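**Student:** Dropping the sequence and predicted coords here.
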There are 4 protein chains.
Amino acid sequence: MLTGDQYLESLRDGRRLFVNGHSVPDVTTEPLLRGGAFAAAEGYDRYYQPGDDSFGPYFFIPTSADELREAQERQLHWDFPTISTSNGLLMVLTAASRMRAELPQYAERALAYFDDAKKRDIRIVQTITDAKGNRAMSPAKQDDPDLYVRIVDRLPDGIVIRGAKLHISSAAISHELLVMPTKRMKAGEEDYSVAAAVPVNSPGVRIINASFAPRPDLDPDFYPYSSRHIMTEGFVVFDDVFVPNERVFLAGELEHSATFAHSLGLWERLGSVGSYVRLADTLVGLAQLVAEANGLQKMSHIKDKISEMITYATLIRAAFEAAMHHSTFTPEGWASPDEMFTNAAKYHAAAQFSLMVRHLHDIAGGSVLTAPSMADLRNPETGPDLEKYMRTMDGVDAEYRMRLFHTIRDFTADSFGGWKHVTVIQAGGGLFAQKVVVANHYDMDEAKALALEVAGITPEGKVMSSLASQGPGSSPEFGAL
Amino acid sequence: MLTGDQYLESLRDGRRLFVNGHSVPDVTTEPLLRGGAFAAAEGYDRYYQPGDDSFGPYFFIPTSADELREAQERQLHWDFPTISTSNGLLMVLTAASRMRAELPQYAERALAYFDDAKKRDIRIVQTITDAKGNRAMSPAKQDDPDLYVRIVDRLPDGIVIRGAKLHISSAAISHELLVMPTKRMKAGEEDYSVAAAVPVNSPGVRIINASFAPRPDLDPDFYPYSSRHIMTEGFVVFDDVFVPNERVFLAGELEHSATFAHSLGLWERLGSVGSYVRLADTLVGLAQLVAEANGLQKMSHIKDKISEMITYATLIRAAFEAAMHHSTFTPEGWASPDEMFTNAAKYHAAAQFSLMVRHLHDIAGGSVLTAPSMADLRNPETGPDLEKYMRTMDGVDAEYRMRLFHTIRDFTADSFGGWKHVTVIQAGGGLFAQKVVVANHYDMDEAKALALEVAGITPEGKVMSSLASQGPGSSPEFGAL
Amino acid sequence: MLTGDQYLESLRDGRRLFVNGHSVPDVTTEPLLRGGAFAAAEGYDRYYQPGDDSFGPYFFIPTSADELREAQERQLHWDFPTISTSNGLLMVLTAASRMRAELPQYAERALAYFDDAKKRDIRIVQTITDAKGNRAMSPAKQDDPDLYVRIVDRLPDGIVIRGAKLHISSAAISHELLVMPTKRMKAGEEDYSVAAAVPVNSPGVRIINASFAPRPDLDPDFYPYSSRHIMTEGFVVFDDVFVPNERVFLAGELEHSATFAHSLGLWERLGSVGSYVRLADTLVGLAQLVAEANGLQKMSHIKDKISEMITYATLIRAAFEAAMHHSTFTPEGWASPDEMFTNAAKYHAAAQFSLMVRHLHDIAGGSVLTAPSMADLRNPETGPDLEKYMRTMDGVDAEYRMRLFHTIRDFTADSFGGWKHVTVIQAGGGLFAQKVVVANHYDMDEAKALALEVAGITPEGKVMSSLASQGPGSSPEFGAL
Amino acid sequence: MLTGDQYLESLRDGRRLFVNGHSVPDVTTEPLLRGGAFAAAEGYDRYYQPGDDSFGPYFFIPTSADELREAQERQLHWDFPTISTSNGLLMVLTAASRMRAELPQYAERALAYFDDAKKRDIRIVQTITDAKGNRAMSPAKQDDPDLYVRIVDRLPDGIVIRGAKLHISSAAISHELLVMPTKRMKAGEEDYSVAAAVPVNSPGVRIINASFAPRPDLDPDFYPYSSRHIMTEGFVVFDDVFVPNERVFLAGELEHSATFAHSLGLWERLGSVGSYVRLADTLVGLAQLVAEANGLQKMSHIKDKISEMITYATLIRAAFEAAMHHSTFTPEGWASPDEMFTNAAKYHAAAQFSLMVRHLHDIAGGSVLTAPSMADLRNPETGPDLEKYMRTMDGVDAEYRMRLFHTIRDFTADSFGGWKHVTVIQAGGGLFAQKVVVANHYDMDEAKALALEVAGITPEGKVMSSLASQGPGSSPEFGAL
C-alpha cells in the first residue's frame, strides 16, 4: 500500500495538466487543484498498513446484501478518487462476468487488472462521456470522426486511440483512466467500441481542468462548507495514445459495446444514491435548524414544508435500502444492487432536488443572502449592532445564526450550490435517461397482466361476468384494491 | 371455522341496517349490499377446514420480516372484511403490547379477544372516525357532546356508549365493530377515551349504508371492473349501546387514548401500501396496453409519461419493501413494519395518484369517454362500422380496444375511479396528516448533526477551517456529497 | 328564426342514430339523448324573435376586444350546440379570410355558408378527429385507407367522402356537420385534404352515440349537478356520403389542409378557456364552502390549498383576459383572440386540474363518498341520526352539508367528474400538443436576443466587459433582473 | 436635475458605511460597492436635462393603463435606485390617497415629499423588513423591544426612532430611506406604527453592507453576466435617529399601520413581475440556444421542456398584462395595477422558477460546470484541443459554445444564480404570503355562488330538479362547463 506522501510523490510523473490558461507542472503545488490531492493523500494514510498482503477496503468485493450495505456505508467517508476506484473496479468485475462467455480473453484481462490495481494501490477514474458533437448524429456521422473516442490504429502489441472524454472528476489527481464507450455502438461503428485502462501520464494524454469554484483560499467564514471541499473536473484529451494489449478490454466487438457503461451505471448510481440520502437529510437538518433559529418551527406551513423534505429523504432512503436488500448475484457470487430501485432513487433525488432547495430557501428567508460577514461581527464598530439585531431569542445568538445563513447560502445558493444543482441532475445522464433506465428494469408483463385482470379478461382470454349476476363465492378479487 | 353458508346465515342476526332510505331486513338479499357478503362468503369457503384446531391464515401473527411479507402477499387476494379482521386483530395485539406495563388488565382482555375471535372465526371492522362536528373545536367543546363517541354511563358490569362512527367499510357484513378514539384525548375528555368490541347486532347499533356505486346489476361490458367489486361504507350509530366489561379495552385512561389509533395506523397503512403497489402497477399496465393499441408506445413523450408512472410504482414498492425489511419487534417477538417507510409510501402513493391518472388519460385519448357500447358492436347495423373504425392494426381489433377504453373509464374516470381518487387521499387521514406521521418517525437529530457538519461546526462546537489553508491530510470528508 | 318546437321538429328528419345497441327513430323521445335536445330547444326559445331580419346572437362577428369579451361572456350561458355553431362559423370566417388569396372560390363558398346558416338558424358541430388507426403511421400508410376521412369519388356536381369522425359532441341533436382535416396533410394525401358541410340526415351518415352517463332519470339528490347536464358524444360514420360542390370548402389542396383545424383551434379553445375560468372558480367555491361547513377554513394548511386553487383560477383568468385584450384583426376587421395566451390558459387549466381536484378532495374528507343518501335523511328511522351527526355547528345542518358532499362527489368524483377529468385534458389535443401550440406562437427570437445579452454578446456580436473594470456610466442594464 | 458626477459627489456626505469588517469612508472608491454607484450615475447622465423644470421620467404618475404599461417598459432599463425611487414615491402617493380621509396632515406631508424629492432629483429606497427576532412573538413581546423599529422618543419638532431594517437593496448608494412598518400593528404596538423619510447620512444611521458576490474585478469571461451587474444589500441600523415632523408620515396611528406596506407591495411587485417576464424569456432563450448548439432542439423531450418554459413565461406575461389592463384608479385619477393579477404572476414566477432552472440544466448538460476557461481556449497548448472538441457542427464553434456554458453557469448555477434563486422567492414575502395576498383580492362570494349553483341550490335557496324529469326548456345552463 502507499502512504499519503508516496501518493503525492506518484502524481509528479510527467502528466500534462492545465488550468485557467496555464500548464500545471506539479499538481501538488497548484493552488487551484492541490486541495483534492491533499484530501486523497489523507485517505491513503487513513488506511495504510505495511506488508505486501495489505489492501485498502476499497478493493472489496461484496458477496451479500449486508456486505454491500457496509461497503456503501464506508464509501460515504471516502475521498472521491477512492470512491471512483472502488466503483470502477467493481464495474470492471461486473463487465468481466457479463463478457466471459463471448469474449473470454477480455474477461481474463479485466480480472487481472483488478488484481494488479489492488497490488499497486492506485486510484482510477472512469472516463465515459465523449465530446459528442452534434447530438442529432451518431458517432460515425459526425463531421469530425474524433468527436467520440475511437481506435485510429491497430498495432501488433496494442491500439492507438484518439478523442476526448469530458466531465472526468478528479482525473488530474488519479493514476489511471478507465476508457469505455459512452453508449451502445452500431454496425459501422466498430472503432468506437473500445475499452481500456490508460495511465494519466501516457504520451498524448492532456487534461484541461475546471473547478466549480476555481478560487483558492476561500474564507471559511463566508464559505463554511465549500472551503473544505473541492471537485476538480477534467477535460481529458487522447491525442493518439497507445494502449498495450493487456490493458485493452474491448476493441471493436459491438455486442458488448454497452456492457461497461451498464456495469458502471450500476455501481456509480448506487454510490450517488447513498450520498443523496445524506444530502437530503442535510437539507432537512438545515431547514429545521434555521426554522428553530427564527422561531418558526411550529408554524403549520413551515412544518408542512419540512415534512415534505423528510418524505423526500425517506423515499430515497427506502429505494436505496430496497436496492441493496434485493441484490442479485453473478455466477462468481458477487453481489450487485437491484437496478430498478437504484435508478428510481436516483431519479427521485434528482427530479425533486430543486424543489427541496426551494423549500429550504422559502423557510430560511432573505438573510441567506444579506447576512453581513463574520468580519462585520468582529468589527467593534458594527459588532454590537449585529449582536443585537441578528440574535432572535435566548440560545440563538448572532454568531450562530449568521453562520447558519452563510452555510445555507454556501451549500445551496452560491458556487457550490449551483454545482450541486447541476450535478444532481446530470449524474446518471439527465432526467429523461434516468427514467428510461427504471423502465427498462420494470416487470411490464406483470403490469399488463394486472391491467387485463382489471379489464375482466382472464389469462385464457375469457371475459369475466359481473358480481351482481353471480351467486356467492364468485369474486376472488374482491377488495384487492 | 365457518363455511360461506354459515357466514351468510350468521349475518341474519337482527342487525339494523339501512340504505337509500329503506331498512334492510336481510343483507344477503339486498341488491345494493349483498355483493360484498357473497364475496366474503367465498373467502370463508376458500380457507375452510373442519376441526376445532383449524384457523384461517388471517389470524396469523408474523414474527419475522419474511413472514410479514408473506402475510402481506396473501392479503392482496382477500376480501375486505377478512383484511380488516387481520389488521384489526394485529392492531389489538400491538396495542396490548404497548399498554401492558401501565394497564395490564386491558392488555389481558385484548389478548383474550384475539383468541376468542380466532375461535369463532368472525369478521371484524375498525371504527375510528367520529362525526367530529366543528373541526375547530375539541371533543369536549362541541355544542353537542355526542359528536365524538363517548361513555355516557358506567355500570358495574360494563359501560354505555353514544355517538357515531363514519366511513366504516363493510360494517354491514361483519360481525363486530372495534371502537377506538380517533385521536389523543386531553384532560377533561376522559369519557371520549374509550375502546371496545361491539357486536353489530347489539341493541342501539344502527348502520346507514352508502355505496360508491349504489347501482345493482351493473353491465360488465360497460363496467368491466366495478361490476365485479363493491365497497359498502357504513355510517354507524351507537345509540346508548351497552358493552360488557370483558369487551372494554379502554375506558377513560388518557395516557393510552391514542395507542389504538397509532397501532391501527401501523397495520392498516401497510395493507394500503401493498394494495397501492398493485394499483400503481395496474395503471402502468393500462397505459402501456392502450399506448400499444394506438401505436403510440415508441413516441418519446408517451414513453416519458409511462416511465414516470413506472418510477411512481417503483418508489411505492421500494418503501413497502423497506418497511417490511426494517421491521421492529415487540417484546413478544411480533414483527411490526417500520412506520416511517410505510407512511412515506402511503403519502407518495396518495399525493401523486391524480397525476398518474392524468398521465393515463393523456395517453389514452378521448375514446375513454366516447367509445360506443359493446352492444353497439354487437348490433348488426353498427357493428361493422365499429369493427372497421375502432380497430387500429393487425392484432388490435375493435372489441379488444373498446374494452380497453371502457376499462380505463370504469377504473379511473367513472364512479369507481372517483371513489378511488378520494379514498387514496383520505385513507390515512389526509395528505397533511400523512406527511406529519412520516416526520414524527424521522431521525431529526441525525439530520441536524449532518447540517452542523456542513456548517463546519464539530460536535464539540469547534469551527472547522478551510481546505486551502491546510496541509495534506486535513479534509476527512472530501467528496462526501 | 326557429322556435324550440320547430327545432325539435326539425330533428325528426330521417337521421340514422344509434345508442347502446339499438337504433333511435326519434331523438326527442329517446331517454338517453333527449335531454340535450330539450336544452337546445330552450336556447332557441330564449332568443326567438319573429321576422326575417332576426338573428340569434350566436351569429355575431366581434370586431373589437370588447365585443369579443362580451361574446365570450354570453357564451357561458348557452347550450352546447349553440356554442358549437358560433365557434364553428367564426372558424369558417377565419379560414375563409386566410384562404382568400390562394383559394378565392372556397373563401366565397365559406362566406356564403355563414349567411345561409344564419338565415336558416341551424345548429352546426365541427367534426375533426378521425379514427386514425395506428398512430405511428400517416393517413396514406394505414392498412385501411379509410381510417382518415377521404374523398373516394369526384363527380361533376360534388364529391363523395368516406371515413369516420370521433368525439363529436351533440352531433345527434345538430343539423349539420362541418368536416375538416384533423391535421396538415402531405404530398400523396390530397384525398385526405377535404373540408365540407354535411347535413346530419345525408344518406350514408350514421351516428353511434355515447353518453358520459347513459343513465336516464338520475336522482337529483344523488346527482345534484349531472342530473341537470348531459353531453352526448357521437361516433359519426360517413359511408360514401355525397356532398354538393357549394358545400365543399377544400378538396385536395394541401397548402390549406391545416387552415380549418388551426382556425377552429383558435375559437374552440377560447371558449374552453372561458368555461375553465368558471370551472376553476367553482372548485374554489366548493372548497371554501366545505371548509366552512367543517369549521376548517382558518387552518393554515387548508388556507394554503385554497389559496393555491385561487391562484390557479387567477392565472387562467389572466391569460383569458390577455388573449382577448391582445386580439388581432383580419383584413375584414374581424377580431381574433391571441393564440399564445389562449393556449397557455388552456394548458394550465388542463395540466393542473387534477391537482386542484386533489386539493378539493383533501379538504372535503371522506364523506364525499360515504355520506348517506338524502332518502336516509327523510327516512324517519334514520333521519334523526343524520340530523344529529351530520350537522357540525349552528348554521350548518345535516341537509346542507350532505348536499354539499353529494355535489362534490357528483361534480368531481363520480361519472361526471371522470368525464371532466378526461375532457379537460383531451380538449385541445392532449397536453403535449397544447404546449407545442403555445411554443409555436412565442417570440423565440426575442428570447434568444435576451439570452445573448445575458451572455454579454451585443447584437453586433461584440463581447461586453465587466463592471469592475469600467468607470462610471457604463452599465446600462444594471438591475434589469 | 443632477448629473452623474453631481450624484457621485452627493454620496460623499458623511454617511457611515461598512462592508466585510471595515468602514467605507467613500462608497465611490470602495471596490466592493462602487459598481452600483457608477451604474446609478450613468442613469443620471442618461436622463439629465438642465433647467429647474426638468424632471426624470421616474417621477411620473401614470393615469391610464397604457401609461402604466409604458412606465413599466421604461423601468426595465433603469438602475435599481431609480426603480426603487419611482416605486417608493408611487407608494407614497398611493398611501397618501388612502390615508387622506382619516389622517389628512400625513397625506399632505407625503404629497409634499413627492414634490420635494422630484425637485432635488434624489434616490430613495424603501426600508420595510425588521430584525423581527423570534417570529413566534409579536413586536411588543420580543425580549428586546428594539427588534422592530419603534419610536423611542417624541419631541416637539420630531420623533426619535430605534431598530434595524434588513435586506435594503442599494441603501449605501441612495439618498434617503423610507421607513415603514413591516406589518399591521395591534393595540399596544403604537410605537411600532411609524413611517418616515430619513436621509442616509442622518446621525445614528449605520449601514452594514453585503453583496451577493463580494468579489471585485470579476473576470467577464467566467462571469459573463454577473461581472456587469451587482446588487448591494444593506443592513440598516437606526441608533436613536431623529426625524423632523415634516418627514414623519405615521407616528402611532394603528389604523393605517399597514397602509404603507400594502401600497408598497402594489408597486414593488408589479415591477418585479415585469422583470420576471424578462427573466423567464431569458431562461427560454438560453435553453433554446444551448439545445441548438448541441443539436438537440428537435428531440421530443427537449421540445417538451422548452415548451413548458415558454408556457411559464407566457402565464407570467399574461398576468402582468391583465394587471395593467385591469388598473384601478384613485380619486386623484392615478392608475394602480390590479393586485390579484399582479400577485398571481409574482407567485407563479417564484414558485416555478427552480423547476424552470432545472429544465435548463437538464437540457444544457454537465459542461455548464466543466467547460474549461476561455483562458484555456487562448492558451496555444490547449486551445486547439478545445477548438476541436468543444465545437459541435458548422456554425457552432468552441468559443461560442463555451461562452454559452459559462453564461448558463454564471446566470443560474453560481453566485448570481444562487442569489436569484433566493430573491425570486423572498421578494414579496415568501411563497405562503404571496398566495394569501392573491386570495385576499379574489372574489370569493362569486366563487361560492357558482358552487351553490352546481349544488343545485338557487340564490333563493330552492333546490333544482333533474333534467330527465323535465320537459323542454328547463335547463338554462346546459353545457356551461
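**Tutor:** Looks like it arrived, so ask away.
**Student:** Please report how far A:Asn87 lies from chain B.
**Tutor:** Shown here: A:Asn87 relative to chain B, a distance of 12 Å by C-beta to the nearest C-beta, to the nearest Å. Just so you know, the C-beta spots here come from the backbone N, C-alpha and C atoms, and that holds for glycine as well.
**Student:** any idea which element that residue lies in?
**Tutor:** helix A:80-99 (DSSP states H and E).
**Student:** by contact count, what packs against that helix?
**Tutor:** Here helix A:80-99 touches helix A:34-47, helix A:65-75, helix A:104-120, strand A:124-127, strand A:176-179, helix A:259-294, going by 3 or more C-beta pairs under 8 Å, 6 or more residues apart in numbering or on different chains; DSSP states H and E.
**Student:** Output these in a markdown table; the columns should cover mean pLDDT.
**Tutor:** Shown next, in a markdown table, are the helices and strands packed on helix A:80-99 (pLDDT from 0 to 100):
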| stretch | mean pLDDT |
| --- | --- |
| helix A:34-47 | 93 |
| helix A:65-75 | 95 |
| helix A:104-120 | 96 |
| strand A:124-127 | 96 |
| strand A:176-179 | 98 |
| helix A:259-294 | 95 |
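**Student:** need the contact list for the residue of chain A found nearest chain C.
**Tutor:** Per C-beta to the nearest C-beta, A:Ser300 is where chain A lies closest to chain C, at 3.4 Å. A:Ser300 makes contact with C:Met299, C:Ser300, C:His301 under the criterion C-beta atoms under 8 Å, 6 or more residues apart in numbering or on different chains.
**Student:** out of those residues, which are inside helices?
**Tutor:** Judged by DSSP state H, the contacts of A:Ser300 include C:Ser300, C:His301 as members of helices.
**Student:** Now the spatially most central residue of chain A. Nearest residue, chain neighbours left out?
**Tutor:** Central residue of chain A (C-alpha atoms, centre = their mean): A:Ser272, 4.2 Å from the mean position. Nearest residue to A:Ser272, sequence neighbours excluded (C-beta to C-beta, 6 or more residues apart in numbering or on different chains): A:Ala427, at 5.4 Å.
**Student:** tell me what the regular element (helix or strand) spanning A:Ala375 is packed against?
**Tutor:** Assigned by DSSP H and E, A:Ala375 falls within helix A:374-378. Identification of packing neighbours for helix A:374-378 by 3+ C-beta pairs under 8 Å, 6+ apart yields helix A:383-390, helix A:398-412.
**Student:** Show me what it is in contact with.
**Tutor:** Taking C-beta under 8 Å, 6+ apart as the rule, helix A:374-378 contacts A:221-222, A:382-383, A:386-387, A:390, A:398-399, A:402-403, A:406, D:18-22, D:208.
**Student:** Just the CA coordinates for that helix, please, in CSV.
**Tutor:** The C-alpha trace of helix A:374-378 is given here as CSV (Å, rounded to 0.1, in the frame of the first residue of the first chain):
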residue,chain,number,x,y,z
MET,A,374,-18.5,37.4,10.2
ALA,A,375,-15.8,40.1,9.9
ASP,A,376,-18.5,42.7,10.5
LEU,A,377,-19.5,40.8,13.6
ARG,A,378,-15.9,41.1,14.8
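**Student:** May I see the buried residues of that helix?
**Tutor:** Residues of helix A:374-378 classed as buried: A:Met374, A:Ala375, A:Asp376, A:Leu377 (neighbour count, 16 or more other C-beta atoms under 10 Å in any protein chain shown).
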